[in-house]
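Engineer: attaching a predicted model along with its sequence, questions to come.
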Amino acid sequence: MGYRLSHIPLRLATGAFILNSGLGKTSLDEGSAGYLQAMASRAFPQLSQLEAQQFGKALAACEIALGSALLAPFIPSRVAGLGLLAFSAGMMTMYLRTPELTMEDGIRPTQDGVALAKDSWMLGIALSLLLDRRKK
C-alpha cells in the first residue's frame, strides 16, 4: 500500500475536494478563466502571458491530476504530499500577495480573503503527509 491507514482520511477529503474543483473548471467560460487568471497573475505575474482559456485548462488539469494522485492508493503519501505542498504553497502565496485579501497585518483574512485563507488546511495536510516518518 502507498500510504498508512492514518493518511486515508487526509488524502480522501483533500483529494475529493481538489478533484471536484478541477472537474468543475473543465468547462470554464472565457470570463471565469480570465478572472482566475487575473487573481493568480497578481501573485505570479508570468501567468498573465497565457491566454485565459489556456490558463483555465491548465488549472483544471493540474487540479484533476493532484486530486487523482491523492486518491490513488498506489501513489506514495510523500509523492502526493509534495504535489499538495506545491499547490497549497501557491494558493497561500496568492493569498498573501493580494493586499485586499488580508487585513492590515497581512495575515488575517478580510471577508474577500476567507475563501483562500481556508486553503491553509491543505498546507497542513501536505506537511503531515511529508513529515510522518513512523515505521510501517
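Structural biologist: Looks like it arrived, so ask away. Numbers count the residues shown, from 1 in each chain.
Engineer: next helix or strand past the helix or strand hosting Ala86?
Structural biologist: In this structure, Ala86 is located in helix 77-96 according to DSSP states H and E. Downstream of helix 77-96, the first helix or strand assigned by DSSP H and E is helix 114-117.
Engineer: tell me which other helices or strands that following helix touches.
Structural biologist: Packing partners of helix 114-117 (3 or more C-beta pairs under 8 Å, 6 or more residues apart in numbering; DSSP states H and E): helix 77-96. C-beta: built from backbone N, CA, C; applies to glycine.
Engineer: circling back: name the helices or strands packed onto the helix holding Ala86?
Structural biologist: Using 3+ C-beta pairs under 8 Å, 6+ apart, helix 77-96 sits against helix 8-24, helix 30-43, helix 52-71, helix 114-117, helix 120-131.
Engineer: of the ones you listed, flag the one that's most buried.
Structural biologist: helix 52-71 (a mean of 19; mean count of other C-beta atoms under 10 Å).
Engineer: gap between the helix or strand of the chain with the lowest mean pLDDT and the chain center?
Structural biologist: When the helices and strands of the chain are compared on mean pLDDT, DSSP states H and E, helix 114-117 comes out lowest with a mean of 88. Chain-centre distance of helix 114-117: 12 Å, with C-alpha atoms, centre = their mean, to the nearest Å.
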